[in-house]
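> Fold the following and give me the result.
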Amino acid sequence: MLANTPAPKQIKQLSLKEIVFGLARVPGTQRLIFGGSDFLVQDVDFAAEKPEPKPFAGGHESYVTGIAVAGKRAVSGGYDGKLIWWNLDDRSKIRTVDAHAKWIRRVIATPDGSTIASVADDMVCRLWDAETGLLKQELKGHKEVTPHHYPSMLHACAISADGKFVATGDKVGHIVVWEIGSGQSVATLEAPGLYTWDPVQRRHSIGGTRALAFSPDGNRLAAGGIGLIGNIDHLEGPPRVEIFDWRTGTRTHEFSGEGSKGMVERLIFLGDGARLVSIGGANDGFVALLDLETKSVLAQEKAPAHLFDAAPGDSAETLFVAGFNRLAAYEIKS
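Residues are numbered from 1 along each chain as shown. You can find the predicted model right below:
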């Protein structure tokens, strides 16, 4: 860790009763759309002196685990396998789609707001028309069971800044990059360091690709999760990030540990892509700043609880985070 780099600093916090799993921000504002363990989708103006969450009209039948904003619409996904389209102007429900056969893990939108991507434990990524809700592509490239014959999970997806590619990552660290227009697979990557199998005490596995992010120029793909775990009943392993030149399949960077433990849940490239923010946690949470040039953890700040999602502000120095019973804003000075 470099002494001259200030740690990420929390500048605002909102305490909540629920656990927040999914977070998105309306561009040009500090209006945050979020959902979690209370099955609701809500929004809050974080620029207000006293932010007050307001629920949307209706909700899911289980945990809300992903939120995306596309124009004047928000799309939420949940453990009920449903995607719900919402009108941001009046918080009303537009449509509900039975999108996946199992739990939805993440929902994201292309930068132009035309397409929604969702991934779920049915091991499928589906691309949806953001305006009509119609299915555009179905992407299948992940096995339903692990090498140890247990059900796998499809936790992560990311879309490139030009909107041409989507990446998906599963429990055993298998990553696929797809061309959005054609639906064809264009690259596969392996990050087995994100997967732990305990063959003795628990006969159980944990980990996987929990976070993915394309660099702004689209040339690099970052994958995050947790390294080797000594006790899989607790997240007693180092947060781990691997970065690839995805077109050649070359692993260019590895970050592991640096004093904290837990799962990387979200990755966000800053500015020109030379630095990367990692958030996540175990019992405690963390916000870490990684430098690709020096291949080092520049700075890190402990959060009071596990963080599950994050959304960048309009300024590269602002980051909004969501987790156990809280939303917060951080100042990231690089």
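
> Which residue ranges of the stretch 51-200 of the chain form strands?
54-59, 64-70, 73-78, 82-87, 92-98, 104-109, 115-120, 124-129, 135-140, 154-159, 165-170, 174-179, 185-190, 195-198 (DSSP state E, counting those that start in this stretch).

> mean pLDDT lowest for which of the ones you listed?
Among these, strand 195-198 carries the lowest mean pLDDT, at a mean of 79.

> quick one: which of the strands of the stretch 51-200 of the chain is nearest Gly271?
Across these, Gly271 has its closest neighbour in strand 154-159 (17.5 Å, C-beta to C-beta). Every C-beta, even on glycine, is put in place using the N, C-alpha and C of the backbone.

> so where's the stretch 151-300 of the chain uncertain?
200-205, 231-235, 258-259 (pLDDT under 70).

> let's go with 80 and repeat that
Residues of the stretch 151-300 of the chain meeting the criterion pLDDT under 80: 197-207, 228-236, 257-260.

> need the longest strand for this protein.
Assignment by DSSP state E gives strand 9-25 as the longest strand of the chain.

> Can you lay out the strands of the stretch 51-200 of the chain as CSV showing mean neighbour count and distance to Ala282?
Output for the strands of the stretch 51-200 of the chain, formatted as CSV (neighbours: other C-beta atoms under 10 Å; distance: least, C-beta to C-beta, whole Å):
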stretch, mean neighbour count, distance to Ala282
strand 54-59, 14, 28
strand 64-70, 26, 19
strand 73-78, 27, 24
strand 82-87, 21, 30
strand 92-98, 14, 34
strand 104-109, 26, 19
strand 115-120, 27, 23
strand 124-129, 21, 28
strand 135-140, 15, 31
strand 154-159, 25, 16
strand 165-170, 26, 20
strand 174-179, 22, 23
strand 185-190, 16, 25
strand 195-198, 19, 14
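
> Stretch 322-332: how far from the chain's middle?
14 Å (C-alpha atoms, centre = their mean, to the nearest Å).

> list the buried ones in it?
Neighbour counts over stretch 322-332 (16 or more other C-beta atoms under 10 Å) mark Ala322, Gly323, Phe324, Arg326, Leu327, Ala328, Ala329, Tyr330, Glu331, Ile332 as buried.

> how near is Ala130 to Ala57?
20 Å (C-beta to C-beta, to the nearest Å).

> just to revisit the earlier point, the longest strand of the chain - contacts with which helices or strands?
Applying 3 or more C-beta pairs under 8 Å, 6 or more residues apart in numbering; DSSP states H and E, one finds that strand 9-25 contacts strand 31-36, strand 64-70, strand 73-78, strand 296-303, strand 307-312, strand 318-331.

> what residues does stretch 179-188 touch?
110, 115, 127, 137-139, 141, 159, 163-166, 174-178, 246-247, 249 (C-beta atoms under 8 Å, 6 or more residues apart in numbering).

> Let's see the pLDDT reported for Ala101.
Looking at Ala101, the pLDDT reads 97.

> Quick one: neighbours of the nearest residue to it once chain neighbours are set aside, just the number.
When the adjacent residues along the chain are set aside, Ala101 lies closest to Asp122, with 4.3 Å between them (C-beta to C-beta, 6 or more residues apart in numbering). Asp122 has 19 neighbours, counted by other C-beta atoms under 10 Å.
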